[in-house]
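Participant: Fold the following for me, if possible:
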Amino acid sequence: MSPSTIEKRNADSPKPQEPTASAGAPPRKIRGWLRTGVPTLLVIGMLGGVAVWGHSTDWSLPKFSALVTGGEARSQCPADGEGWCKEHNVPESDCIECNSKLMPALPDYGWCAEHGIAQCPLHHPDIAQLKEIPTITQADIERADRALALVPRKENGSRCKHYQRRIQFASAEAIDKAGVDIAVADEQPVVEAISANGEIIYDQTHYARLASRVAGTVWRVEKHLGDRVRKGDILALVDSAEVGRAKADLLQSISQLRVAHANLDRMQPLAKEGALAGKLVREAEANLQEAQIKLLSAQQTLVNLGLPAASYESSELSIQQIASDVQFLGLSDTLAAEAGKDIASSNLFPIRAPLDGVVVDSKAVAGENADTSAMMFAIADLAKMWLMLDVREEDAGRLAVDQPATFWPSDQRAEREVRGSIAWISTESDDKTRTVKVRVELPNSERKLRSNTFGTGRIILREEPKAVVIPTEAVHTDGDCNIVFVRDKDYFKEGAPKFFHVREVRLGVHEGASSEIIAELLPGEVVASKNSMVLEAQLLKSNLGEGCACCAPAKKK
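Facilitator: Residues are numbered from 1 along each chain as shown. Purely as a prediction, here's the structure:
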């Protein structure tokens, strides 16, 4: 079909008609206005309703207890007759929060800037909930001062007023039913430390890696891996042609020296008689001096190899006797007797232990080549080991030499921590890890520490033998202050109200399930521990809204 035919057919086909208002459908603009305008009008209406309600109620938020009880709490206030104080969950006639005359509050001593808490018992021991007013000693003050001076501690807000509250229960049975358990503030030893990852290595001042001083072949191995050695013990014997040449040079220099001595002794009498020219005598003296120098050089070569070299200059031994002595130079009589059967015995060079210790590595095998650059033995004194710790930069400033430290291997082989002390603190920080190297020396008399062992080191900053400790679950925080709930000292008196005092605390060390209390609690005071969040919930609930729902005066309508 041609394009002109298609255009003609399209022109002849009927077109769809546009809807008109007369067909009963609303115009498009009206529908759009309804979709966008009606929700806006509803929102404005709701805001107006909130404004009217707020004006009629003076914009006050009802108490939490009033919200959950449908506003009935106010009608049950003591002033309205006997009932139940839903605000504090006790009978109205016994509510010490609503009626302070039933149980006067403790004196308000306010904020203690020294210890960062309110109602400080270290300065005001009369607030302690103990049978008798305790005596605060200078040791108690110093203990708190040491803890606060060592590291920055989280401070409580000076505007926190929780300490003015008391959490009351209807009866002891109600406390038991709520599952609340108690704990006694106890004096226990605590340790405050800096933890860091570390590695055990050998004491590098008592560790030696030995190679042969001369090239050759291992003739015999005397000590093996794990053997204990003493300083000077022979570890192995090396057959070295260099040693044979050095011994030969010594014998030759001794022989030349003796010949030079003999010539000079023969010429000197003849020179005195005039039978011999003085020039010849002077030449003989020069030859003697040259022979002496060669002997000294040969002796020094042996000394450099670690072999003993006697002078033999004035010795009356024959050259054959001296040669037999030099042949086994540096060997014991037993080894000399065994080595004498070998044709290469004059070339033997002993490798000796430079210190007391244990052979912790050995590469020596009889018949293999001995290279001056290859390690043959490693010897370490295991009585003391080094612990190398990587301490964070921010912690390094609190370290000092001789501070005590402990180490616990990661594989838990040790039955207990190993205790040592800091011997060195690096003067630089690692540019990649931003840590500072710290060396701790650890005793290893029982040989339980192993080199290249990883684990956790703890550098002890403070040790308190009698710190006040409570379970960590007894401590609560609202973001502004840390609090505990202290049971009233008259809790078990007949007819006495069953309540807990809210007490601010300053925390120290956390160790497992226990926490140190630097200030606010004294030994012997009883705190709510297990399920103490029940008391926390009651405290927070009472702080919501307009105030005490039972005791606030009714608003005028």
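Participant: Which strands or helices does the longest helix anywhere in the chain pack on?
Facilitator: Selection of the longest helix in the chain by residue count, based on DSSP state H, yields helix 241-273. Secondary-structure packing of helix 241-273 (3 or more Cβ pairs under 8 Å, 6 or more residues apart in numbering; DSSP states H and E): strand 216-221, helix 278-304, helix 319-327. Heads up, the C-betas are built off the backbone N, CA and C, glycines and all.
Participant: Now do the closest residue to residue 322 other than its chain neighbours: how many residues are near it, please.
Facilitator: Nearest residue to residue 322, sequence neighbours excluded (Cβ to Cβ, 6 or more residues apart in numbering): residue 312, at 5.6 Å. Neighbour count of residue 312, defined by other Cβ atoms under 10 Å: 21.
Participant: and if you look at residue 44?
Facilitator: For residue 44, the neighbour count with other Cβ under 10 Å is 10.
Participant: Residue 163 versus that one, what's the distance?
Facilitator: 47 Å (Cβ to Cβ, to the nearest Å).
Participant: before we move on, back to that, take the helices and strands packed on helix 241-273 and lay them out in CSV including mean pLDDT.
Facilitator: Output for these, formatted as CSV (pLDDT from 0 to 100):
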stretch, mean pLDDT
strand 216-221, 93
helix 278-304, 88
helix 319-327, 81
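Participant: Buried deepest among these, which one?
Facilitator: Of all the helices and strands packed on helix 241-273, strand 216-221 carries the top mean neighbour count, a mean of 20, counting by mean count of other Cβ atoms under 10 Å.
Participant: can I get the CA coordinates of it in PDB?
Facilitator: The C-alpha trace of strand 216-221 is given here as PDB (Å, rounded to 0.1, in the frame of the first residue of the first chain):
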ATOM      1  CA  GLY A 216      85.000 -26.200  56.400                       C
ATOM      2  CA  THR A 217      83.100 -29.400  57.000                       C
ATOM      3  CA  VAL A 218      81.300 -30.400  60.200                       C
ATOM      4  CA  TRP A 219      83.400 -33.200  61.600                       C
ATOM      5  CA  ARG A 220      81.400 -34.000  64.700                       C
ATOM      6  CA  VAL A 221      78.300 -32.700  66.600                       C
END
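Participant: helices or strands next to that strand in the packing?
Facilitator: Checked by 3+ Cβ pairs under 8 Å, 6+ apart, strand 216-221 has strand 234-239, helix 241-273, strand 369-370 packed alongside it.
Participant: want to try a markdown table for the ones you listed, with mean pLDDT, mean neighbour count and distance to residue 83 as columns?
Facilitator: Compiled in a markdown table, the helices and strands packed on strand 216-221 are given as follows (pLDDT from 0 to 100; neighbours: other Cβ atoms under 10 Å; distance: least, Cβ to Cβ, whole Å):
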| stretch | mean pLDDT | mean neighbour count | distance to residue 83 |
| --- | --- | --- | --- |
| strand 234-239 | 93 | 23 | 95 |
| helix 241-273 | 87 | 17 | 110 |
| strand 369-370 | 93 | 18 | 101 |
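Participant: wait, which of those is closest to residue 513?
Facilitator: Of all those, strand 234-239 sits nearest to residue 513, with 54.0 Å by Cβ to Cβ.
Participant: Can you tell me the closest non-neighbouring residue to residue 232?
Facilitator: Spatial nearest neighbour of residue 232, excluding adjacent residues (Cβ to Cβ, 6+ apart): residue 352 at 5.6 Å.
Participant: go on, residue 301?
Facilitator: Closest to residue 301 by Cβ to Cβ, 6+ apart is residue 246, at 4.7 Å.
Participant: where in this structure is pLDDT low?
Facilitator: 1-38, 50-82, 311, 313-314, 339-345, 412-415, 542-557 (pLDDT under 70).
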